[in-house]
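Peer 1: Sequence below, structure please.
(3 chains)
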Amino acid sequence: MSLRRTLVPVLSFVALAVVVAVVPLVVSEFRAQELAYVAIYLIAIIGLNVLTGYTGQISLGHGAFMALGGYTTAILMADHGVKDIWTIPLAGLVAGVAGFLFGIPALRLSGLYLALATFAIAVSMPAVIKRFEGFTGGGTGINLFGIPELTASLTPVSILGRELAFNDWLYYLSWSIALVGYVVAWLLLRGRTGLALRAVRDSETAAQSSGVSLARYKTLAFGVSAAYAGVAGSLFAIATTYVNPDTFPVALSILLLVGVVVGGLGSLVGLVAGAVFIQFLPTWSQEVSKSPGAPSVVSGALLIALMFVLPMGVAGLVERLRLLTRRIYHRSGA
Amino acid sequence: MSLLELDAVEARYGPVQALHGITLEVAEGEVVAVLGANGAGKTTTLRAISGTVRRSGHIRFAGKPLRGGPEAVARAGIAHVPEGRGTFTELTVHENLRLGAYTRRERSVRADVDRVSEWFPWLHERAGQQAGTLSGGEQQMLAVARALMARPKLLLLDEPSLGLAPMVVREIFRIVRELNEREGLTVLVVEQDARIALRTAARAYVLEVGRVALAGPSEELQENESVRRSYLGY
Amino acid sequence: MADFLQQVVAGLASGSIYAALALALVLIHRATGVINFAQGEMATLSTYIAWTLTTNHGWGYWPAFAFTLAVSFLGGAGVHQAIIRPNEKGSLLRVVIVTIGLLIFVNGLVTLIWGGEVRAVQSPFPAGTTEIAGVAITTADIGTIAVVLATVAALWALFQYTKLGLAMRAAAVNPAEARLVGVRVTWMLSLGWGLAAALGAVAGMLAAPSVFLDPNLMAALLIYAFAAAVLGGIDSPVGAVVGGLTLGVGLNLIGTYVDFVGADLRLPVALLVILVVLLVKPTGIFGKAEVRRV
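Peer 2: Below you'll find the model as predicted:
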């Protein structure tokens, strides 16, 4: 890989990291919390991007994997006294295994059938959660507020000599994990794995005849994306300090896919844009009009319009601008 | 009287240009063949006429400029039997025929079905059979029959011999010749089997790499040295 | 035994509603290869229109029914022309997002125009029961089954016996060849969407009296319709009808006789059906295996 090609992503990553570190110093705590949610969604769609952007499998059910992660965290914290941060990797593991297991029968499905199957999972998750009351607390859910396992919930926590209140702590936790998660995904997708995954997306038949084991990579993609969703779900539970069957509704699964598409598959900028979109779309829609139903009208119309105008999402727009500037640069130089 | 004229027609598939300026004409009542190797642009020429592929250049049909996509071309009176037959495999033989008459305004197509069945008597018995279960040769004949249902002024035939046994191919070309002699049907046929094409058609064009390399009456082309070597095998 | 038969008939009635909506999904998938996630919301909108005409404008039930069918038809065709067609050439993902956007939009629109309250809707069928072979069957159930059967029969006649129906079938299975015989394929596909929207309207209007009218009327029904369509074969109209009826009867019987399921878990059972069918035989009962051209 040429120096320039690795330089740009690395620079944009470093720039993002710097911005992330600095922002809480200048914004309110409420904003910090909102931005923490952006990081949480970012983690989920980094994973979904591996699945959809790289292997082309459409999932309308990743909210269910978030639910798995969220409930794992909640149960471990509330019933087993595990400290919140230690539950995060466990949540990722549980969701990842579930995703991998689902990926096996999902091999027989493609395109719309897979979308339908994952949609079915997302819709049924709340009902299933309610059914296993003993485990999940049923309809009442599990409350995490104020328990000692939740860091910084009652008293500020001290990190590197600084006192952090809950929302700021949450912000740094989520963004650290998001940035690490992005690097991990980037490394994963750079080498042979990434090439194999993209081969699967572009032509399954060709990939197979080139010796790429379809089964292995498709299930791997499912497992990885589910693990990311699980981590995101875990953080989500920590952030909302509460889980119940309605914490992870169908709408969330839909929004995750929408976020990936609007952001545009692939680039870091696109993924961040997608996460911002997921967090702030409901708010923006409400700014337009508060009448009941109006926010949905705005969101829906916006979504359709975006598919017309920016089918490749924000990442596509950025790419087009990049090509445009390069063309101008070359023309003026030559 | 010229029925079809192509003037410097170009066509491309995405970035690849398939036709680099085709000029040919077909007079009313003629059978004209288009020959050439794989990739020479024969099928693309027919697709350019029927509007299946985007093209530039001029095409005149029955004295008027020919424009638009396949639907418009069909309505203008051109029937295109595509490569691979194009039968509606999930529909019955009878339904395939009914579709052939889609552009016709008459209420009943029964008379047309009878008329067409004279050329292919077996169509009557197999009317309810699913078209996909017919043999290759039968499907080809069904495709021609379907084209006839529209009472076209011009029949475009794309590689009718593809995938068929020689005996079946001979039968099909015999029918084409008879249709031309008895009903005056004008035919433009694209063929890889140059021998049988030159025996059926009065004139032929030989395409190479998207251009007309040779043209002339069939007898002349049959005697032509390079044609004999490249396409007739001797 | 009489109880059992009653449940079967009741299951047939709800099943015929699933069948109608499933048929709409199948029509669209057969014609344009798309799963319209917004089908349920469009049906809800149609139902509200019918309701407004009868309640606020004093229309008779059946005139409103007919008018709503016409409006839904135009709406469905319009959606195809304006929104689906331009995105057809894009990726599958793009089309999925578009129908989801439509879902969100229409859902919001309904709430915006009519508010979110739950409303009671009058049934067009007289209350009461009829006795057939010793089994008491509600008139409403008979009426529902009759209306759906009549609609399906009309559609079947359209597809089998008319030139237009033939053209639509041809456009759905072989669009390129259909163009060559002069069929305006895009219009045929829009017609398909229009018919599907009208079918959805029928399903919604028949369901409303028992499930009450609110913006989320069709959400659960859509899932049942998906299950029915998948069970019968997502490209098979016959499958959609058979799948719907089977699912209706099956769910009703399971809900009544299997305590574990009760009334709350009917939806997850339907979803289980979807998953199991997709994993065991993705093409459904009547579907044909997809041959992948290498």
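
Peer 1: A:Ser28: neighbouring residues, count only.
Peer 2: 10 (other Cβ atoms under 10 Å in any protein chain shown). From N, CA and C alone the C-beta is placed, and that goes for glycine too.

Peer 1: One more: B:Gly14?
Peer 2: 5.

Peer 1: what kind of secondary structure is the closest residue to chain B within the stretch 51-200 of chain A in?
Peer 2: Of all residues in the stretch 51-200 of chain A, A:Leu112 sits closest to chain B, at 20.4 Å by Cβ to the nearest Cβ. For A:Leu112, the assignment made with DSSP: H, G, I helix; E, B strand; the rest coil gives helix.

Peer 1: Now do it, the pLDDT please.
Peer 2: Predicted confidence (pLDDT) for A:Leu112: 81.

Peer 1: and the residue lying closest to it once chain neighbours are set aside, which of the three is it?
Peer 2: Excluding the flanking residues, the one nearest A:Leu112 by Cβ to Cβ, 6 or more residues apart in numbering or on different chains is C:Ile35, at 4.9 Å. C:Ile35 falls in the coil class when you classify it by three-state DSSP.

Peer 1: I'd say C:Ile35 and C:Val98 touch.
Peer 2: No - using Cβ atoms under 8 Å, C:Ile35 is not in contact with C:Val98, being 11.5 Å away.

Peer 1: Strands along chain A, start to end?
Peer 2: Using DSSP state E, the strands assigned to chain A run over residues A:142-143, A:157-159, A:162-164, A:242-243.

Peer 1: For chain C, find the nearest of these.
Peer 2: Using Cβ to the nearest Cβ, the nearest of the strands of chain A to chain C is strand A:242-243, at 19.4 Å.

Peer 1: what does that closest one rub up against?
Peer 2: The contact list for strand A:242-243, computed with Cβ atoms under 8 Å, 6 or more residues apart in numbering or on different chains, reads A:Gly70, A:Tyr71, A:Ala74, A:Gly141, A:Ile142, A:Asn143, A:Leu144, A:Phe145, A:Ala237.

Peer 1: returning to what we had before: which one of C:Ile35 and C:Val98 has more residues nearby?
Peer 2: Using other Cβ under 10 Å as the criterion, C:Ile35 and C:Val98 rank with C:Val98 on top: 27 against 24.

Peer 1: helices and strands around the helix or strand where that one lies, which ones?
Peer 2: With elements taken from DSSP states H and E, the one containing C:Val98 is helix C:92-114. With contacts taken as 3 or more Cβ pairs under 8 Å, 6 or more residues apart in numbering or on different chains; DSSP states H and E, helix C:92-114 sits against helix A:111-131, helix A:250-263, helix A:294-309, helix C:39-56, helix C:85-87.

Peer 1: Send me the helix of greatest length in chain B as CSV with only the CA atoms.
Peer 2: Scanning chain B for the helix with the most residues, using DSSP state H, yields helix B:166-183. This file holds the C-alpha atoms of helix B:166-183, laid out as CSV (Å, rounded to 0.1, in the frame of the first residue of the first chain):
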residue,chain,number,x,y,z
PRO,B,166,-28.6,-29.9,-38.0
MET,B,167,-31.8,-31.6,-39.1
VAL,B,168,-33.9,-29.2,-37.0
VAL,B,169,-31.9,-26.2,-38.3
ARG,B,170,-32.6,-27.3,-41.9
GLU,B,171,-36.3,-27.5,-41.1
ILE,B,172,-36.4,-24.1,-39.6
PHE,B,173,-34.6,-22.5,-42.5
ARG,B,174,-36.9,-24.3,-44.9
ILE,B,175,-39.9,-22.7,-43.1
VAL,B,176,-38.2,-19.3,-43.2
ARG,B,177,-37.7,-19.6,-47.0
GLU,B,178,-41.3,-20.7,-47.5
LEU,B,179,-42.6,-17.9,-45.4
ASN,B,180,-40.7,-15.5,-47.6
GLU,B,181,-41.7,-17.1,-50.9
ARG,B,182,-45.4,-17.7,-50.1
GLU,B,183,-46.2,-14.7,-47.8
